[in-house]
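**Student:** No letters, just coordinates:
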Ligand SMILES: Nc1ncnc2c1ncn2[C@@H]1O[C@H](COP(=O)(O)OP(=O)(O)OP(=O)(O)O)[C@@H](O)[C@H]1O
């Protein structure tokens with residue numbers, strides 16, 4: 001990576017506790033890096049630990065969860081910081097846009113009021129100054145009838161418009177990192193595409209970094225500089241998007257690529273089997289039961305993430321052989 005590092009996640013593990021005992025370990029030693037102005041895609045099937053990793057980075061894990069490892073943001077370790085000092089608490093550092101805009105807003109306040117509350121809390125801005133910035137951000141996201149938008153309640157706008165407002169709101173405090181958790185899953189294909197292109201355009205002009213969580217490699221291909229493929233709470237392959245998609249080394253990544261829709265109309269090949277329901281007590285490689293290239297070693301030892309070429313890392317005993 002050529003850019004200076006903005007986010008570095010080292011050996012992040014997350015456990016859930018039930019009556020003082022560990023009931024699940026959905027994240028098991030995740031490693032991620034994002035450079036300044038870079039777009040990183042985090043991809044994997046449902047239940048692989050994508051969202052919960054984002055919550056650990058933000059410092060918004062549920063009370064019964066415990067995170068270990070390191071999350072360095074701008075060189076400052078976040079996991080051990082008091083809540084108020086965390087990057088998330090400052091508003092100008094990390095913002096998040098969730099999948100479902102319908103539940104992200106307070107239904108009883110007009111959208112303009114909600115945006116003003118954000119500016120007052122995080123930037124101590126109010127009055128005309130706040131109004132101008134809100135109008136500018138709404139214009140940036142393609143909502144030109146700003147008066148109507150700020151006077152609306154959330155239920156008065158379409159899903160696509162609300163998603164744009166959510167992006168505008170997330171950018172009000174000029175974050176250095178924008179986390180997008182399946183930002184367009186709830187939208188139809190055309191609107192989803194417009195929103196992703198919009199985010200990329202804003203990312204280029206405003207210069208923030210993006211962590212894009214998705215289960216769709218097609219979206220990663222169209223938008224991300226680098227990609228990290230997650231399986232059962234671990235990164236199994238990571239590298240520049242072009243390299244990983246053209247020369248995938250992990251059988252799981254190959255499976256995800258095989259499941260992408262083709263223009264040629266070829267039949268989709270989905271990966272047989274399912275992600276394990278609970279990752280506690282897993283032995284060996286978590287993908288072994290679904291892997292077409294499994295050998296004995298895979299069932300005994302969990303492979304480490306290791307470089308296979310500059311900037312391209314894979315956690316597979318068979319990497320380079322297949
Ligand atoms: N509040 C919770 N209590 C207990 N376990 C949880 C909780 N939230 C998440 N988990 C566990 O963490 C696992 C990973 O969840 P996560 O939401 O991060 O998956 P994901 O990869 O983002 O999936 P999706 O694409 O469906 O959002 C879940 O399968 C579940 O076992």
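**Tutor:** Cool, got the structure. Since the model is a prediction, treat every value here as computed from it, not as a measurement.
**Student:** Name the helix or strand for the spatially closest residue to residue 61 that is not a sequence neighbour, please.
**Tutor:** Nearest residue to residue 61 in three dimensions, chain neighbours excluded: residue 55, at 5.0 Å (Cβ to Cβ, 6 or more residues apart in numbering). Where C-beta positions appear, they are placed from N, C-alpha and C, glycine not excepted. Under the criterion of DSSP states H and E, residue 55 resides in helix 50-58.
**Student:** C-terminal to that helix, what's the next element?
**Tutor:** Scanning onward from helix 50-58 (DSSP H and E), the first element met is strand 65-73.
**Student:** which residues does the residue of the stretch 151-300 of the chain found nearest the ligand contact?
**Tutor:** At 5.3 Å from the ligand, residue 215 is the closest residue in the stretch 151-300 of the chain, using Cβ to the nearest ligand atom. By Cβ atoms under 8 Å, 6 or more residues apart in numbering, the residues touching residue 215 are 43-46, 50, 182.
**Student:** swap the cut-off to 7 Å and go again
**Tutor:** By Cβ atoms under 7 Å, 6 or more residues apart in numbering, residue 215 lies in contact with 43-46.
**Student:** pretty sure residue 238 is in a strand, no?
**Tutor:** Yes. According to DSSP: H, G, I helix; E, B strand; the rest coil, residue 238 belongs to a strand.
**Student:** Does it touch residue 313 like I think?
**Tutor:** Yes. Residue 238 lies in contact with residue 313 (Cβ atoms under 7 Å); the separation is 5.2 Å.
**Student:** between the two, who's got more neighbours?
**Tutor:** Remark: of residue 238 and residue 313, residue 238 carries more neighbours, 26 against 22, as counted by other Cβ atoms under 10 Å.
**Student:** Mind listing the residues bridging to the more buried one?
**Tutor:** residue 228, residue 313 (DSSP bridges).
**Student:** Quick one: end-to-end distance for stretch 305-320.
**Tutor:** 13 Å (Cα to Cα, to the nearest Å).
**Student:** in that stretch, what counts as buried?
**Tutor:** 305, 308, 312-319 (16 or more other Cβ atoms under 10 Å).
**Student:** Max pairwise distance over the residues you listed: which two?
**Tutor:** 312 and 317 (16.7 Å; Cβ to Cβ).
**Student:** For residue 155, see how far away residue 106 is.
**Tutor:** 11 Å (Cβ to Cβ, to the nearest Å).
**Student:** what about the strands in the stretch 201-322 of the chain?
**Tutor:** For the stretch 201-322 of the chain, the strands defined by DSSP state E, counting those that start in this stretch cover 209-214, 226-231, 234-240, 306-309, 312-314.
**Student:** between the ones you listed, which one is nearest to residue 160?
**Tutor:** Short answer: strand 209-214, nearest of the strands of the stretch 201-322 of the chain by Cβ to Cβ, at 17.6 Å.
**Student:** List the neighbouring strands of the closest one plus their orientation.
**Tutor:** strand 39-43 (parallel), strand 177-181 (parallel).
**Student:** can you list contacts of stretch 274-287?
**Tutor:** Outside stretch 274-287, the residues that reach it (Cβ under 7 Å, 6+ apart) are 22, 24-26, 28, 45, 47-48, 231-233, 251-252, 298-303.
**Student:** Quick check on those residues: which are buried?
**Tutor:** Applying 16+ other Cβ under 10 Å to those flags 24-26, 28, 45, 47-48, 231-233, 251-252, 298, 302-303 as buried.
**Student:** what's the most distant pair in these?
**Tutor:** Among the buried ones among the contacts of stretch 274-287, 24 and 251 lie farthest apart (Cβ to Cβ), at 25.0 Å.
**Student:** Neighbours of residue 196, how many?
**Tutor:** Residue 196 has 19 neighbouring residues, counting by other Cβ under 10 Å.
**Student:** residue contacts, it?
**Tutor:** Per Cβ under 7 Å, 6+ apart, neighbours of residue 196: 184, 219, 222-223.
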